[in-house]
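**Q** Need a 3D model of the sequence below.
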Amino acid sequence: MKTSDDLSTISVMATFGGRFAQALAQAALAADDENLAKIKATWPELWHKYATWLNKAEPEGEVRRWNRVLSDEEIADLYKLGPL
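**A** Numbering: from 1, shown residues only. Okay, the predicted model is just below:
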C-alpha cells in the first residue's frame with residue numbers, strides 16, 4: 001500500500017520532474033507494492049531527490065503546498081493522469 005509519503009513523492013515527480021521522472025511517477029502510481037519497491041530500489045537517487053525536495057522548498061514557495069497529506073480528491077486526480 002502506498003504511504004502518504006509515497007504519494008507526495010509521486011506528486012512532486014509528476015509535477016516538477018522531467019519527462020523521465022514524470023513517466024516514472026505514472027508507473028509508481030500504477031505499481032503494486034512489489035513493483036513500487038522495485039522502482040525505489042532501481043532509481044534510489046531519483047526517488048530520494050523528489051522525496052526530499054519537499055524539505056528543501058522555501059516556506060512560501062510553490063513546492064511548499066505539496067508538504068502535506070493529500071486529500072482523497074487529490075489522490076483521485078493523480079490516478080486520472082493521462083499519458084505523459
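
**Q** Am I right that Leu46 is in contact with Ala23?
**A** No: with contacts counted by C-beta atoms under 8 Å, Leu46 stays clear of Ala23, the gap being 11.4 Å. (C-beta placed from N, C-alpha, C; glycine too.)

**Q** for the protein, which spans come out with low pLDDT?
**A** 54-72, 74-76, 78-84 (pLDDT under 70).

**Q** just the helices in it please.
**A** 4-16, 19-30, 33-42, 44-56, 72-79 (DSSP state H).

**Q** deepest of these, which one?
**A** With neighbours taken as mean count of other C-beta atoms under 10 Å, the helices of the chain reach their highest mean count in helix 4-16, at a mean of 19.

**Q** Show me what that one is packed against.
**A** Secondary-structure packing of helix 4-16 (3 or more C-beta pairs under 8 Å, 6 or more residues apart in numbering; DSSP states H and E): helix 19-30, helix 44-56, helix 72-79.

**Q** and if we set it to 10 Å?
**A** The elements that helix 4-16 packs onto, with contact taken as 3 or more C-beta pairs under 10 Å, 6 or more residues apart in numbering; DSSP states H and E, are helix 19-30, helix 33-42, helix 44-56, helix 72-79.

**Q** Contacts for the second one, please.
**A** By that I understand helix 33-42. 1-3, 6, 9-10, 24-25, 27-32, 46-48, 51 (C-beta atoms under 10 Å, 6 or more residues apart in numbering).

**Q** Could you rerun that using 7 Å?
**A** 1-2, 6, 24, 27-28, 31, 47 (C-beta atoms under 7 Å, 6 or more residues apart in numbering).

**Q** closest to Glu73 among those residues?
**A** Lys2 (16.3 Å; C-beta to C-beta).

**Q** which residues does the closest one contact?
**A** So Lys2 contacts Leu36 (C-beta under 7 Å, 6+ apart).

**Q** just Arg19 next, same as before
**A** So Arg19 contacts nothing (C-beta under 7 Å, 6+ apart).
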